Each structure stands twice: as C-alpha cells, then as structure tokens.
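[1] sequence-free structure coming up:
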C-alpha cells in the first residue's frame, strides 16, 4: 500500500507539472490548427466559378482550334452562400456538352459538409465565325471565295455556327442567305458532285502534259474533297480531288 500511494503521488505531481511546462506550446498548436482550418474552408465563390467557366471556354476553343478575341463573364451568386464552408468544392454545368456562352446554369456543391445550391452566369464570347461574303442563292455550291470570317459574339448564335470555312466548302445552299449572315448547317445540305460507282472524267496533270481518261469513283465526293478512283484503262487506283460535277483531277 505504501508503495502504491507513493507511486500515485509521484504521478500526480508529474501530471500537475506537465501542463504548466507545455502550456504555451499547447496553446500555440491549438490556435495554429484552428486558423489553418478556417483558411482552408473559406470560399470565394465568384473566383472559383469564374475559374471553372474560363476552363470550359478554353476547352471549347481548343476543340474547335479557335481563338477568343474577347470574353465577358457576369456571375449571379445567391445571397447567404458566403457563410458556407467546404474543403472539396465541386462546380458543374447543367448542360456540359453545350457551348459555354450565353446563359449558363451552374451547380455548386460540397460533400462534407453536405450542401448544394445553384448559380448562373451570362457569358459573352467573341470569336471568328464563318459568314456569307455576298448574297447566296438556293442551290449554290459553297466555295472559299463565297465565304469570309468575322468576329462575333457567339452568345447570339448558339443554335448554329461554323468556325472553319473548310468544313462547309462543297456543301449546297438550302435557303437563300444574305450577305454577312452567319453560316450554319441548317441552311446547308451535302451535295456530292461525284457519287460512288459513277463513271467520272479523270484529268491527269504533270509538268509536261495533260490527259483525260475514264475512271470509276470508289467513294462519294464533294467539291474540293479527295477521293479514290479506279482508272478503267490501267486498273490502277489513285487518289484525286473533285473539281466539278463528275470530274476528278490528279497531279503526278
């Protein structure tokens, strides 16, 4: 019993002295943890949302090989959200595959602590779009000299636009298009000047001579498109460019 009591007293004395000796260190540690947690959980929703939208715009431009001339983002964050905390914020669009311009609806959420709210943004994005260089009549076949590009706010053309002239060359105009109007696929249709299995006139051109032979098309072709044809005289399969209705040209 004497040993137990003495041992207990020694332990009590030791336990009493420990907090006093490490009090300042303990206090500093607790305050550091509290301050660090507060800083980690604070959220600037406008900054995070703007960063997310800029990433979406960059991804869209990269996919189309285009460049933005100008962009403007107006955010609408609901009141009361400034008091929310989160260590792993998640932001997404309601229509992630749509063009990141015009009115965009955002979902902002957190899993721990669990909460979610909706925000929105109005995005104006200027980039070069394909337009008609002159009035185009129904039935015309598009060529490069009929088209041009102009910097426009795509927020006004979300239902149809083209950013690359080469993508529409050879297509046929379905409805009259006014000079300066934005070109979109709803106004066009594919027009094959050469059809598969059709006999075509094959122009062969070299620096020293030109010749024409009969060939058979092995695939459909629009104006300017390269297709494979078979020379009926030699049986050789070559690749040529569609230059007109039923006409293909190769350069040797």
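    Right, received. Where do you want to start? Note that this is a predicted model, so its numbers are computed, not measured. Numbers count the residues shown, from 1 in each chain.
[2] Tell me the confidence at residue 40?
    Looking at residue 40, its pLDDT is 43.
[3] Distance of residue 94 relative to residue 104?
    Taking Cβ to Cβ, to the nearest Å as the measure, residue 94 and residue 104 are separated by 8 Å. C-beta coordinates here come from the backbone N, C-alpha and C atoms, glycine included.
[4] meant to ask about residue 250
    Distance, residue 250 to residue 104, by Cβ to Cβ: 49 Å.
[5] One more: residue 237?
    Per Cβ to Cβ, residue 237 is found 50 Å from residue 104.
[6] quick one: which of those two has more around it?
    Higher neighbour count among residue 237 and residue 104: residue 104, with 23 against 12, using other Cβ atoms under 10 Å.
[7] looking at this, the more buried one is in a strand?
    Yes: read with DSSP: H, G, I helix; E, B strand; the rest coil, residue 104 is one of the residues of a strand.
[8] For it, which non-adjacent residue is spatially closest?
    residue 121 (4.7 Å; Cβ to Cβ, 6 or more residues apart in numbering).
[9] Can you read off the pLDDT for that neighbour?
    So residue 121 comes in at 97 (pLDDT).
[10] need the next SSE after whichever strand or helix holds it, C-terminal direction.
    Following DSSP states H and E, one finds residue 121 within strand 114-132. Using DSSP H and E, the helix or strand that follows strand 114-132 towards the C-terminus is strand 147-153.
[11] Okay, buried residues for the helix or strand just after that next one please.
    Downstream of strand 147-153, the first helix or strand assigned by DSSP H and E is strand 171-173. Under the neighbour-count criterion of 16 or more other Cβ atoms under 10 Å, strand 171-173 has 171-173 buried.
[12] Could you do stretch 227-235 as well?
    For stretch 227-235, the buried set under the neighbour-count rule, 16+ other Cβ under 10 Å, comprises 227, 229-231.
[13] of all the residues you listed, which two lie farthest apart?
    Spatially, the most separated pair among these is 227 and 231, at 13.5 Å (Cβ to Cβ).
[14] Can you tell me the element the spatially most central residue of the chain falls in?
    The chain has residue 60 as the residue nearest its centroid, 1.7 Å off, counting by Cα atoms, centre = their mean. Using DSSP H and E, residue 60 sits in helix 45-64.
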